[in-house]
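*Asks:* I would like to see how this sequence folds:
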Amino acid sequence: MTKLLNHTIHKPEHPVSPTPVVLIHGLFGDLNNLGVLGRDLQKYFETIQIDVRNHGDSFRADAMEYRQMANDVITLLQSLGYTSAILIGHSMGGKISMAATEIAPDFIEKVIAIDMAPVAYQERRHDTIMAALDAVIQGGAKSRQEATVIMREYLNEDGVIQFLLKSFRQGEWKFNLPAIKENYELIIGWKSVPTWDKPVLLIPGGNSPYVKAEYREQIAAQFPNTKAWVVADAGHWVHAEKPDHVLRAIHRFLDLPEYE
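*Replies:* Numbering: from 1, shown residues only. Below is the predicted model of the structure:
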């Protein structure tokens, strides 16, 4: 039996299109992470928020290669009866969205990648986070308060700690930390996809290191029909820091009424 991703669906009374918008979270997240975008977009589209494999309430698996994770998304959408989709992903979710263009190039209409480029990153930015997550389990923390005390020995950003704690339940992490650690090189890596010339929007944070000018050639080779909307004075969590700016960009890209 095919395993399907955990998901929620919101249906407006009068959608502007039969094509749904699919919201795909990043590493260590869950389907609630892009809720600020979903609450606006569900006025216009059917919106589907998902837990990717090894996150939230979705199934656990040893493998986390991008084409596998993209196939999870396409399998879910086709099982629900959809014949097309617009994918919006943040961070790892952005790469899942871009990988889906190889799995189902005709099925995907548009892609929006929030602070993520289709490139292999060399820097391991999550090692301290993973050490903190391990320490919480090894320390036997059962409450978020206990976990917070332990994590502050490793992390000095309360926003990051609070984000991670959204996935802490009864002394356990809801994401599959062993699988994430085992597949981390694949998660920060990237295998180029065939050229896909449908519309792509990149929304980088101006202060984030994830989308650089030096990636322009790699992006253009895979996604020649790409536009970028840089959100100034925002970091990697650009949609949480400046949701109005992100929604304004999305509205224009999807030909929706101007976002106020």
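
*Asks:* so where's the stretch 1-150 of the chain shaky on pLDDT?
*Replies:* 1 (pLDDT under 70).

*Asks:* what are the boundaries of the strands in it?
*Replies:* In the stretch 1-150 of the chain, the strands defined using DSSP state E, counting those that start in this stretch lie at 7-10, 21-24, 47-50, 85-90, 108-114.

*Asks:* residue 77 is nearest to which of those?
*Replies:* strand 85-90 (5.3 Å; C-beta to C-beta). Glycine gets a C-beta too; all of them are placed from N, C-alpha and C.

*Asks:* what does that closest one contact?
*Replies:* 19-26, 29, 33-34, 37, 45, 73, 77, 95-98, 100, 107-116, 239, 250, 254 (C-beta atoms under 8 Å, 6 or more residues apart in numbering).

*Asks:* each with direction, which strands does that strand pair with?
*Replies:* strand 21-24 (parallel), strand 108-114 (parallel) (DSSP bridges).

*Asks:* closest one to residue 203 among the strands of the stretch 1-150 of the chain?
*Replies:* Nearest of these (C-beta to C-beta): strand 108-114, 4.8 Å.

*Asks:* now the closest one - C-alpha only, CSV.
*Replies:* What follows is strand 108-114 as a C-alpha-only set of coordinates in CSV (Å, rounded to 0.1, in the frame of the first residue of the first chain):
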residue,chain,number,x,y,z
ILE,A,108,3.5,21.3,-12.2
GLU,A,109,2.3,24.7,-13.4
LYS,A,110,4.5,27.1,-11.4
VAL,A,111,7.1,26.9,-8.6
ILE,A,112,7.8,29.4,-5.8
ALA,A,113,11.0,28.8,-3.8
ILE,A,114,11.4,30.9,-0.7
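
*Asks:* re earlier: can you redo the strands of the stretch 1-150 of the chain as TSV with distance to residue 124 and mean neighbour count?
*Replies:* Formatted as TSV, the strands of the stretch 1-150 of the chain follow (distance: least, C-beta to C-beta, whole Å; neighbours: other C-beta atoms under 10 Å):
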stretch	distance to residue 124	mean neighbour count
strand 7-10	30	15
strand 21-24	22	28
strand 47-50	26	26
strand 85-90	19	27
strand 108-114	21	25
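
*Asks:* now render those as a markdown table, adding distance to residue 210.
*Replies:* What follows is the strands of the stretch 1-150 of the chain, written out as a markdown table (distance: least, C-beta to C-beta, whole Å):
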| stretch | distance to residue 210 |
| --- | --- |
| strand 7-10 | 26 |
| strand 21-24 | 16 |
| strand 47-50 | 21 |
| strand 85-90 | 10 |
| strand 108-114 | 10 |
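
*Asks:* now for those strands, which one comes closest to residue 207?
*Replies:* Across the strands of the stretch 1-150 of the chain, closest to residue 207 is strand 108-114 (C-beta to C-beta), at 14.1 Å.

*Asks:* and the contacts of the closest one?
*Replies:* Against strand 108-114 from outside (C-beta under 8 Å, 6+ apart): 19, 84-91, 93-95, 97-98, 100-101, 196, 198-203, 223, 238-239, 246, 250, 253-254.

*Asks:* equivalent analysis for stretch 6-16, please.
*Replies:* Contacts of stretch 6-16 (C-beta under 8 Å, 6+ apart): 20, 31, 38, 42-51, 56-58, 76, 80, 256.

*Asks:* now those residues: which count as buried?
*Replies:* Neighbour-count burial (16 or more other C-beta atoms under 10 Å) applied to the contacts of stretch 6-16 gives 20, 31, 38, 42, 44-51, 56, 58, 76, 256.

*Asks:* report the buried residues of stretch 119-129.
*Replies:* Under 16+ other C-beta under 10 Å, the buried positions of stretch 119-129 are 119, 126, 129.

*Asks:* check stretch 138-145 too.
*Replies:* 141, 144.

*Asks:* returning to that earlier point: turn the strands paired with strand 85-90 into CSV, including distance to residue 216.
*Replies:* Formatted as CSV, these follow (distance: least, C-beta to C-beta, whole Å):
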stretch, distance to residue 216
strand 21-24, 24
strand 108-114, 14
